[in-house]
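Asker: pasting the structure only:
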């Protein structure tokens, strides 16, 4: 017994990597929909369980306990008392019993393609009940309203019922620099205090502490209540905690509510579980109630907020939310196709972008998910995000983001054994919304290249010379570094981290982005009359272009895919296990998209570029044969290739039809069929394609949006505006 508890305790301290579960190394993402307001972000799985609840910013912190392990396990391995979910306590002739809505037949959808109100409908034929839950995070208040309607069949055996609301709190106030898994699994001594407070008729969980990454003291309070009086409550300890002692600890609220027993324990400190019950008043065969989740800085503030939230009408809140999205996205171009699924996935991408934007810094998280822990902003991906922001009419957001990137650039160097940890002019792997370094890789050369491009690209979209003058010092620092970071033998760049891979390499991924950066810096220098800078960047750009043609062109493949190391070849061997191909060890050398767009390394009708574009298609085309072909077990970022192909093939109707086919495959296969969200990857499972890894994934979805607009342009003007 002691050994088992010790083993479980040790496991909580280890990095939760599962190498055999590629690409879901951190456990499967149990998210099917999300609702947020750029401060409070809530994720739900397809059974209506809240699996993530972030506040005060999409980037940090998560306040609900929910941890998956394996896709094959029930609830993906999460304990039955994890998350926040709803149930009923029903009375029939046979007696009373508790039933959790997640165990019923469930369907889920968004109330509209242009908003994020989530509708989850549960059905029990045995009880003759249909329960609809409508979830909306309000625009102006940090509250989630869960409007519940219970409809009873005429022949239902249910005589009366109470609504149950359960929560497993695990509040956060700290993050670790360069260690995003801290967001996923915290130290077992991390404590949250929860108490049922009779004065507000709600369970209020609180926590205070120091954010390790900033040394700033933080506080948070989360309240769970109804819009009407409760009649039972229980606050207890997590029964799955290895330290749980059923003889002395307050009973787990999940176990208590499941048994229909509410001892009425008021408080627990640690990893508290909480349950509330309220009787439903049926008018005819319908009954309604609203569950309210409110988040604020402390108990007093959240109690006041809860009081206001109880007066809100859920339908009005949902309408205000839809109007908010419409005010921001009304002018965004949409794909001109009669395929409603393509349009729905494209629109969902923009809604996710809006909710995952941080108005304080301008950061956009890759995902609010904790599995994988992607609640950071990657400048490399952010460059494409900024391009889309300019396309959809949110240029002021792109402006703010680029100024943030410029401020984050390393302007000095800390050295170890004579080497700069992050060389001057570069950026780290990714950032939390407050500028704290998120990931462990110190710097990446392709990220530096793409960040230079986005700093220039925004000027090209807006013509704002004042902006360009203000960010030009950052462009120059990065371009000067890249111009000097050359291999004297080949004229290529020196080996560096590329595309989040841990082994330094020198491939077309780095070379194409360095060329793009130098070309962007050249144009910026010319625009500002910086003659000497322009000459310097032009010389190095031209030298690099010649080196790419000389060393990275593969005549057999007719593509810029040469330069494979022995390790590359081993990883790409057809007998290499999936785990090796999925691990971020080295970037593959095939299918580089940057050369075609945004670099425009050569004209689309240049013989080498024609060959390279055909090669890019050959790399992604097999994905579109799944699941029927049964050859690929997973894939990712096909949309990135489709963007490049749509740009290069815009005047070739036959080839553009291929791009449209790919866009359709992603919409109808990779995206979830009910909520139209995309994960970073897809997996083939049981003869079906399922989305995976941190869905909704902001950048994967934006790449799809962009590809769909280019593949199905509303007009030539749309294409020209989108594909600068």
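Answerer: The structure has been received and is ready for your questions. Not measured: the values here are computed from a predicted model. Numbering: from 1, shown residues only.

Asker: residue 66 and residue 43 touch, don't they?
Answerer: No: using Cβ atoms under 8 Å, residue 66 is not in contact with residue 43; the gap is 9.1 Å. (Glycine included, C-beta is placed from N, CA and C.)

Asker: pLDDT below threshold where in the protein?
Answerer: 1-20, 183-189, 418, 564-583, 586, 716-724 (pLDDT under 70).

Asker: okay, now the domains of it?
Answerer: 30-304, 332-722 (automatic domain parsing).

Asker: and those domains as a markdown table, adding distance to residue 313 and mean neighbour count?
Answerer: Below are those laid out as a markdown table (distance: least, Cβ to Cβ, whole Å; neighbours: other Cβ atoms under 10 Å):
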| stretch | distance to residue 313 | mean neighbour count |
| --- | --- | --- |
| domain 30-304 | 9 | 20 |
| domain 332-722 | 22 | 20 |
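
Asker: any idea which residue is closest to the centre of this protein?
Answerer: Geometric centre of the chain, nearest residue: residue 367, 1.4 Å, by Cα atoms, centre = their mean.

Asker: still on that earlier bit, tell me which of the domains of the chain lies nearest to residue 319.
Answerer: domain 30-304 (9.0 Å; Cβ to Cβ).

Asker: who touches the residue nearest to the centre of the chain in this structure?
Answerer: 29, 356, 374-375, 680, 694-698 (Cβ atoms under 8 Å, 6 or more residues apart in numbering).

Asker: name the element residue 426 belongs to?
Answerer: Secondary structure from DSSP states H and E places residue 426 outside every helix and strand.

Asker: what sits against the spatially closest residue to it that is not a sequence neighbour?
Answerer: Leaving aside its chain neighbours, residue 426 sits nearest to residue 443 (4.3 Å; criterion: Cβ to Cβ, 6 or more residues apart in numbering). Neighbour list for residue 443: 410, 422-423, 426-429, 496-497 [criterion: Cβ under 8 Å, 6+ apart].

Asker: now do the contacts for the residue of the chain most remote from its centre.
Answerer: Most distant from the centre of the chain: residue 93, at 47.0 Å, with distances by Cα atoms, centre = their mean. Residue 93 is in contact with 157, 159, counting by Cβ under 8 Å, 6+ apart.

Asker: repeat for residue 161
Answerer: Here residue 161 is in contact with 88-91, 129, 150, 279-280, 282, 287 (Cβ under 8 Å, 6+ apart).

Asker: from those residues, which is closest to residue 104?
Answerer: For these, the nearest to residue 104 is residue 129 (8.3 Å; Cβ to Cβ).

Asker: if I look at that closest one, how far off is residue 547?
Answerer: 69 Å (Cβ to Cβ, to the nearest Å).

Asker: do the same with residue 605
Answerer: From residue 605 to residue 547 the distance is 23 Å (Cβ to Cβ).

Asker: cool, and residue 148?
Answerer: Taking Cβ to Cβ, one finds residue 148 at 64 Å from residue 547.

Asker: now residue 65
Answerer: Taking Cβ to Cβ, one finds residue 65 at 52 Å from residue 547.

Asker: now do residue 482
Answerer: 13 Å.

Asker: ok, now residue 456?
Answerer: In terms of Cβ to Cβ, residue 456 sits 22 Å off from residue 547.

Asker: the stretch 551-700 of the chain: helices as residue ranges?
Answerer: 566-572, 578-582, 607-620, 638-648, 653-665, 698-711 (DSSP state H, counting those that start in this stretch).

Asker: how far does stretch 107-124 stretch from one end to the other?
Answerer: 12 Å (Cα to Cα, to the nearest Å).

Asker: could I get the full set of strands for the stretch 351-500 of the chain?
Answerer: 415-416, 419-420 (DSSP state E, counting those that start in this stretch).

Asker: re the thing from before, among the helices of the stretch 551-700 of the chain, which comes closest to residue 332?
Answerer: helix 698-711 (8.6 Å).

Asker: so how far is the closest one off the chain centroid?
Answerer: 15 Å (Cα atoms, centre = their mean, to the nearest Å).

Asker: ok, residues contacting stretch 198-209?
Answerer: Against stretch 198-209 from outside (Cβ under 8 Å, 6+ apart): 63, 167, 169, 171-174, 191-197, 217-226, 229-230, 233, 235, 272, 274, 276, 292, 298-299, 302-303, 306-307.

Asker: what about those residues, which are in strands?
Answerer: 167, 192-197, 217-226, 233, 235, 272, 274, 276, 292 (DSSP state E).

Asker: picking up where we left off before, okay, the helices of the stretch 551-700 of the chain in a markdown table with distance to residue 401 next?
Answerer: Rendered in a markdown table, the data for those read as follows (distance: least, Cβ to Cβ, whole Å):
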| stretch | distance to residue 401 |
| --- | --- |
| helix 566-572 | 34 |
| helix 578-582 | 29 |
| helix 607-620 | 28 |
| helix 638-648 | 19 |
| helix 653-665 | 26 |
| helix 698-711 | 13 |
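
Asker: who wins for proximity to residue 688 among those helices?
Answerer: Here helix 653-665 is closest among these (Cβ to Cβ), at 13.3 Å.

Asker: ok, residues contacting the closest one?
Answerer: 335, 337, 339, 342, 613, 617, 620-621, 623-624, 638-639, 641-642, 645-646, 649-650, 704, 707-708, 710-712.

Asker: follow-up on the earlier one: okay, the contacts of residue 367 in a markdown table with distance to residue 525 next?
Answerer: Shown next, in a markdown table, are these (distance: Cβ to Cβ, whole Å):
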| residue | distance to residue 525 |
| --- | --- |
| 29 | 43 |
| 356 | 34 |
| 374 | 35 |
| 375 | 36 |
| 680 | 36 |
| 694 | 38 |
| 695 | 41 |
| 696 | 39 |
| 697 | 35 |
| 698 | 32 |
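
Asker: and the residues you listed, which two are furthest apart?
Answerer: So, those by Cβ to Cβ: farthest apart are 29 and 356, at 14.8 Å.

Asker: so where does residue 61 fall, helix or strand?
Answerer: strand 60-62.

Asker: can you list the strands that that strand pairs with?
Answerer: strand 50-57 (antiparallel) (DSSP bridges).
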